[in-house]
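[1] here you go, sequence then predicted model.
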Amino acid sequence: DQQVKQNSPSLSVQEGRISILNCDYTNSMFDYFLWYKKYPAEGPTFLISISSIKDKNEDGRFTVFLNKSAKHLSLHIVPSQPGDSAVYFCAASVAGGTSYGKLTFGQGTILTVHP
Amino acid sequence: GAVVSQHPSWVICKSGTSVKIECRSLDFQATTMFWYRQFPKQSLMLMATSNEGSKATYEQGVEKDKFLINHASLTLSTLTVTSAHPEDSSFYICGGRRGLGEQFFGPGTRLTVL
């Protein structure tokens, strides 16, 4: 049962344009969401997160939007740069209880930014 | 951000042998450490959660007798793959969390079992 889904395995974008990566989840208990960037044979690097009490969080070129009613979040990168090319994972967690801090990851989306 | 290291970065072993992977939080105390595995082109799957000084909590389907986890200090957790078989070949990643904060990941360990 894939509770966090990234339905686009890959995305190709021109340098300078906006990259939009999407993520859907099914577990309504999730209340904290994160985006990670990962290069091959390396561990994920934290990018940005959002709590369920917000619908938007911005950090430089990265903005995450959360639509709780649709159980959907997206990561916007603008402007996209070739160095952004990597695999992007969204992850979700539940605050509190025994599940606190446990991350459930999506399958990842390979982003390629062309010069 | 905080730094998490893993050792070794890659290991090749014969079937039936045991392999130990170390995960260290270098500049923070990780009250909780998580172990994940990732198969090629797939997501990171949580294997177990360990709190310093207590037994690890394993996810459903993960054999605790095969994947031994020790979290003896606030900066070190180890994962031992016992009697490794080719199907255990994977990319193993640890994550460390300080208190209620973010989780930071190590660079991963590539295990190949021949």
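    Happy to help now that I have it.
[2] show me where pLDDT drops low in the chain?
    Here I'm looking at chain A. Chain A contains residues with pLDDT under 70 at A:95-100.
[3] wrong one, I was asking about chain B
    B:1, B:99-101.
[4] centre-most residue in it?
    Nearest residue to the geometric centre of chain B (C-alpha atoms, centre = their mean): residue B:35, 3.8 Å.
[5] name the SS class of that one, please.
    The three-state label given to residue B:35 by DSSP: H, G, I helix; E, B strand; the rest coil is strand.
[6] so who does it touch?
    Taking C-beta atoms under 8 Å, 6 or more residues apart in numbering or on different chains, we find residue B:35 in contact with B:23, B:46-48, B:50, B:67, B:69, B:77, B:79, B:92-95. Where you see a C-beta, it was placed from the backbone N, CA and C, and this is true even at glycine.
[7] dump the residues you listed into TSV; add neighbour count, distance to chain A and secondary structure as well.
    Conversion of the contacts of residue B:35 to TSV gives the following (neighbours: other C-beta atoms under 10 Å in any protein chain shown; distance: C-beta to the nearest C-beta, whole Å; DSSP: H, G, I helix; E, B strand; the rest coil):
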residue	neighbour count	distance to chain A	secondary structure
B:23	28	10	strand
B:46	18	6	strand
B:47	23	11	strand
B:48	21	10	strand
B:50	24	11	strand
B:67	19	16	strand
B:69	24	15	strand
B:77	30	14	strand
B:79	26	14	strand
B:92	24	10	strand
B:93	26	5	strand
B:94	31	8	strand
B:95	27	7	strand
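[8] which one of those is nearest to residue A:11?
    residue B:93 (23.1 Å; C-beta to C-beta).
[9] quick one, what contacts that closest one?
    By C-beta under 8 Å, 6+ apart, residue B:93 lies in contact with A:43-44, B:6, B:35-38, B:44, B:105-106, B:108-109.
[10] mind putting those in JSON lines, secondary structure included?
    Below are these laid out as JSON lines (three-state DSSP):
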{"residue": "A:43", "secondary structure": "coil"}
{"residue": "A:44", "secondary structure": "coil"}
{"residue": "B:6", "secondary structure": "strand"}
{"residue": "B:35", "secondary structure": "strand"}
{"residue": "B:36", "secondary structure": "strand"}
{"residue": "B:37", "secondary structure": "strand"}
{"residue": "B:38", "secondary structure": "strand"}
{"residue": "B:44", "secondary structure": "strand"}
{"residue": "B:105", "secondary structure": "strand"}
{"residue": "B:106", "secondary structure": "coil"}
{"residue": "B:108", "secondary structure": "coil"}
{"residue": "B:109", "secondary structure": "strand"}
